[in-house]
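> Give me coordinates for this.
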Amino acid sequence: MFRELPVNGLTDNAQYMIGECFFSQKKYAPAIEAFDELILNYPESDKLAASHWKKALALIELKKNDEAAAVLKILIQKYPLDDEARSAQDKLKELQGIKK
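Numbers count the residues shown, from 1 in each chain. A predicted model of the protein is given here:
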């Protein structure tokens, strides 16, 4: 869907912002695609945890809670020390119906 950008130190940030823009416009399916592009194409990005988090939130908005839960579990497993992982744990409990 998206044109491939030249790789430099900011390309992953630009890809993340594309996802953020779609998300803020409530265009959740394209947001998910944009976050997936970052996750798949920039394995060293400092935006990976944030991309997983926003992807999960977009999936929740689309009522795809099982997929969102899977993404949250990946986030918690791969990036346990990131702030997004703490938020993901809370959101996962919420999705599973467990009170905080």
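
> which SSE is residue 74 in?
If you go by DSSP states H and E, residue 74 is part of helix 65-78.

> So which elements touch that helix?
helix 48-61, helix 83-95 (3 or more C-beta pairs under 8 Å, 6 or more residues apart in numbering; DSSP states H and E). To be clear about C-beta, it is placed using only N, CA and C from the backbone, and glycine gets the same treatment.

> which one of the ones you listed is the most hemmed in?
Ranked by mean neighbour count under mean count of other C-beta atoms under 10 Å, those are led by helix 48-61, which reaches a mean of 23.

> then it to CSV, C-alphas only?
This file holds the C-alpha atoms of helix 48-61, laid out as CSV (Å, rounded to 0.1, in the frame of the first residue of the first chain):
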residue,chain,number,x,y,z
LEU,A,48,8.7,-1.2,17.8
ALA,A,49,7.1,-1.3,21.3
ALA,A,50,5.0,1.8,20.5
SER,A,51,4.0,0.3,17.1
HIS,A,52,2.8,-2.9,18.8
TRP,A,53,0.9,-0.8,21.3
LYS,A,54,-0.9,1.3,18.8
LYS,A,55,-1.6,-1.7,16.6
ALA,A,56,-3.3,-3.4,19.5
LEU,A,57,-5.3,-0.3,20.3
ALA,A,58,-6.4,-0.1,16.6
LEU,A,59,-7.4,-3.7,16.7
ILE,A,60,-9.5,-3.1,19.8
GLU,A,61,-11.2,-0.2,18.0
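
> circling back: which residues are contacting the helix holding residue 74?
Residues outside helix 65-78 that contact it (C-beta atoms under 8 Å, 6 or more residues apart in numbering) are 48-49, 52-53, 55-57, 59-60, 82, 84-85, 88-89, 91-92, 95-96.

> buried residues in it?
Buried residues in helix 65-78, defined by neighbour count with 16 or more other C-beta atoms under 10 Å: 67-69, 71-72, 75-76.
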